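Visitor: just coords:
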């Protein structure tokens, strides 16, 4: 069969990625969903290519999560990651809360994108502003996590505050749901849970993933 | 160098990069609506080098992979297998 390329070229919606992409999830505050974000974005990218999640947090949250179950991508600490990194399509780095300034400088210089998760509360705003200040002109985006359900508008308000402060922010937010804790307990992803809220939470991460793909094109 | 610097440096070395498009892995749901794991196999097509060069260049230019175009064409022509 002769392929009519002109006919098909506009009907296939799949971007092409030619080099390894490195995405770091970091920030100056703990408990904002860094590891949860790293794990679910790694799952999103593992559907697109070979993915490695580097657990740089001394608490090894991501490693422990992966050891409790089975995740569709490799998870490794920094030492083991050095051996696994070759030939990967996507590398995600989960840092500890408040990485030291040298680490942050290296990450800002070497990564394609830094993601700064933040809770939608005033206590989280200042650490976010501090991180953004130290990142200077690096390619980064804030991500509002643990956003309470409507009619509460804290997530939206936080997005507005960040934009007002000149901080680039993802349009998508990640909702607050106990499904994340259940997934962590099972060593699974929220997409693997048969719950409506879990599937909705997975949709949140899919939206963020799609935004990242547009940013890295 | 910081602890992440050496990892990033290694990741950026040309010999550690893939030069082509990463193979798109189909998710379970995309491949099999029953949620069962299916064995994945390769599908090879022999074509002239001239054609392959042309298609590879066009594919890169328009940002659509040849794999996706071929799969799309096959699905259009023959449909999907019955579950």
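Guide: Here it is on my side, so go on. Just so we're clear, the structure is a prediction, and the values are computed from it rather than from any experiment.
Visitor: lowest average confidence, helix or strand, in chain A?
Guide: helix A:5-8 (a mean of 39; mean pLDDT, DSSP states H and E).
Visitor: the helix or strand following that one pairs with which strands, and in what direction?
Guide: Helices and strands here follow DSSP states H and E; after helix A:5-8, the next one along the chain is strand A:21-25. Neighbouring strands of strand A:21-25 in its sheet, by DSSP bridges, are strand A:90-94 (parallel), strand A:113-118 (parallel).
Visitor: so for strand A:21-25, what's the average pLDDT?
Guide: The pLDDT scores in strand A:21-25 average 95.
Visitor: what helix or strand is residue A:83 on?
Guide: Using DSSP H and E, residue A:83 maps to helix A:78-84.
Visitor: so how far is that helix off the chain centroid?
Guide: Distance of helix A:78-84 from its chain centroid, counting by C-alpha atoms, centre = their mean, to the nearest Å, is 20 Å.
Visitor: quick one: list the elements packing against the longest helix that chain A contains.
Guide: Across chain A, the longest stretch assigned as helix under DSSP state H is helix A:196-215. For helix A:196-215, the packing partners by 3 or more C-beta pairs under 8 Å, 6 or more residues apart in numbering or on different chains; DSSP states H and E come out as helix A:34-46, strand A:113-118, strand A:140-144, helix A:179-186. Placement of C-beta: from N, CA and C, glycine included.
Visitor: just checking, next helix/strand downstream of the longest one?
Guide: Past helix A:34-46, further along toward the C-terminus, the next helix or strand under DSSP H and E is strand A:51-55.
Visitor: do you have the helices of chain B handy? List them.
Guide: Ranges of helices in chain B, per DSSP H, are B:3-12, B:28-31, B:49-62, B:66-78.
Visitor: and the second one, what's its mean pLDDT?
Guide: Read that as helix B:28-31. Per-region confidence: helix B:28-31 scores 45 on mean pLDDT.
Visitor: below-threshold pLDDT in chain B: ranges please.
Guide: Low-confidence segments of chain B (pLDDT under 70): B:1-2, B:19-37, B:83.
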